[in-house]
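Novice: give me a model of this one.
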Amino acid sequence: MANFPGLSFKSFPLASSSIIQSIQEVSITIAASSTSNTATINSITTGNAFVMWNGQNPNNGGGTNSANAFGYLTITNGTTITATRNNGTTNTLTVYGVVVEFVSSAVVSMQTGTITLGSTVTSNTATISSVSTSDSFIIYGGALNTTTGPYSARTVLVAIDLTNATTVTAVRNLGTDSATVAYTVVELTSGVIKQVQKISVASTSSSTTEDTTITAVDMNNSMVLDNGQITGSAALVNTNLYRQYLTSTTNHRFERVGTATTSRTLKATVVEFNTGYVLAKTASLVSLSTAETQKDTTVSMTDRNKVFVNQNGRTYNSGGSTLNSTQMGALSTSTTNVRIIRNATGSVAMTAAFEMIEFV
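Specialist: Numbering: from 1, shown residues only. Alright, predicted model coming up:
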């Protein structure tokens, strides 16, 4: 495990009441014969909470039938989280997520939904009630697709964006098969968030690093949210898998291993909270060798119920498309450990990124 330069630290804020009611992680395995499964959580107020997709592990041994290798998460009710995929005829799928419940006084609205891109559709929108964009951000809940033939990143990979105060947009490159993406638009009370910065990078075919200059943030109080990507490449995973992080107070970076003949568009959101809401922040890079299916990282948490573990992508040093070795999930297993896990090694190394934000 290595920490990103300047990105492993603790900051102790001024006295402040917490904006977090609870944070709970889920790991839901969908059986080979099923298209959905649920996890039971401690009771939450659904109008104050979101569930974020935090990675997934299919046991597909090859690069076909992504219809059973990709899924999304939704809050079904106050005690139930549901994972859904399109096809359950073969292979299991484990979907990881984190459920964040804010205190009522911190929330203006939580608007959740799904957007379906039909078999000939590359872009679609959802209309939401108007939000203050300076106090709002979008959460990616995962996506499913109907591709049962060879894996195609052009069809499977979807980006989401809070386009304006009333519109959520989902975009992909190719509409060969249908895809459905889940989202939540979170609007917090004025004064909780200092600033929200959306990032959209048109990565060139030959570049492995994409830097974006942002307005200066306090890295102690900021988190980076993955909003997906759009790619013109069909299958090569080393060219389509990215990790992301803040390299400084004014720079956001996407990185990958391989280059390709086509460009892609990468989307993220940097959310900076005002001083007094974040207790500790760590961002780390974790390397899994060719023989490893999981890697543990030692961390320090004061209260696990206030900790947000956020996977920030991974790189993979092969052009192969084996789905069970190229996807991963992130979760904490105790107050002193965060685990990165994948289903199989594929005899190829992986480097994953994650953030751990502990709220007051």
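Novice: for N164, give me its contacts.
Specialist: For N164, the contacting residues are T133, by Cβ atoms under 8 Å, 6 or more residues apart in numbering. No exception for glycine: its C-beta is placed from N, CA and C like everyone else's.
Novice: okay, now A202: neighbour count?
Specialist: 10 (other Cβ atoms under 10 Å).
Novice: now swap in S105 and tell me
Specialist: Here the number of neighbours of S105 (other Cβ under 10 Å) works out to 10.
Novice: repeat that for N240.
Specialist: Neighbours of N240 (other Cβ under 10 Å): 25.
Novice: pull up the pairing partners for the helix or strand I160 falls within, direction included.
Specialist: Secondary structure from DSSP states H and E places I160 in strand 159-164. Taking DSSP bridges as the criterion, strand 159-164 forms sheet pairs with strand 167-171 (antiparallel).
Novice: any weak-confidence spans in this structure?
Specialist: 1-16, 61-64, 234-237, 319-321, 346-347 (pLDDT under 70).
Novice: now with 50, please.
Specialist: 1, 5-15 (pLDDT under 50).
Novice: quick one on the thing from earlier: and the strand holding I160, which residues are buried?
Specialist: The neighbour-count check on strand 159-164 (16 or more other Cβ atoms under 10 Å) flags 159-162 as buried.
Novice: redo those residues as CSV? Include distance to S287.
Specialist: Below are the buried residues of strand 159-164 laid out as CSV (distance: Cβ to Cβ, whole Å):
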residue, distance to S287
A159, 27
I160, 29
D161, 31
L162, 33
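Novice: thinking T89 is in contact with T35, fair?
Specialist: No. Taking contacts as Cβ atoms under 8 Å, T89 lies outside contact range of T35: 9.2 Å.
Novice: ok, those two, which is more surrounded?
Specialist: T35 (18 against 12).
Novice: residue contacts, the more buried one?
Specialist: Contacts of T35 (Cβ under 8 Å, 6+ apart): 84-88.
Novice: list the ones among those that fall in strands.
Specialist: Counting by DSSP state E, the contacts of T35 place 84-85 in strands.
Novice: top of the contacts of T35 by neighbour count?
Specialist: R85 (26 neighbours).
Novice: can you point out the buried residues in stretch 98-107?
Specialist: Applying 16+ other Cβ under 10 Å to stretch 98-107 flags 98-102, 106-107 as buried.
Novice: the chain: helices as residue ranges?
Specialist: Using DSSP state H, the helices of the chain run over 153-156, 237-240, 323-326.
Novice: shouldn't V286 be in contact with A349?
Specialist: No. If you go by Cβ under 8 Å, V286 and A349 don't touch, sitting 11.3 Å apart.
Novice: so for the two, which sits in the more crowded spot?
Specialist: Legend: neighbour count by other Cβ under 10 Å for V286 and A349, higher for V286 (23 against 17).
Novice: partners of that one in the sheet?
Specialist: A352.
Novice: distance of it from I340?
Specialist: 5 Å (Cβ to Cβ, to the nearest Å).
Novice: mutual contacts of the two, please.
Specialist: By Cβ under 8 Å, 6+ apart, the residues touching both V286 and I340 are 295, 297, 352, 354.
Novice: give me every residue that touches the second one.
Specialist: Listed by Cβ under 8 Å, 6+ apart, the contact partners of T297 are 1, 284, 286, 337-340, 354.
Novice: now swap in the third one and tell me
Specialist: A352 makes contact with 243, 285-286, 288, 295, 311, 313-314, 328, 330, 340, according to Cβ under 8 Å, 6+ apart.
Novice: identify the farthest-apart pair in the residues you listed.
Specialist: Farthest pair in these (Cβ to Cβ) is K295 and G313. Separation: 15.1 Å.
Novice: these two: which is more packed in?
Specialist: G313 (23 against 18).
Novice: what bridges to that one?
Specialist: The residues that G313 bridges to, once DSSP bridges is applied, are R243.
Novice: how near is it to A291?
Specialist: 22 Å.
Novice: for A126, same thing?
Specialist: 43 Å.
Novice: neighbour count winner among the two?
Specialist: Just comparing A126 and A291: by other Cβ under 10 Å the higher neighbour count belongs to A126, 19 against 8.
Novice: list the contacts of that one.
Specialist: A126 touches 113, 115, 167-168, 170, 183, counting by Cβ under 8 Å, 6+ apart.
Novice: how about 10 Å then?
Specialist: 111, 113-116, 160, 163, 166-170, 181, 183, 185 (Cβ atoms under 10 Å, 6 or more residues apart in numbering).
Novice: who does the residue lying closest to it once chain neighbours are set aside bridge with?
Specialist: Nearest in space to A126, with sequence neighbours left out and distances taken as Cβ to Cβ, 6 or more residues apart in numbering, is V168 at 4.6 Å. Beta bridges link V168 to A126, L162, judged by DSSP bridges.
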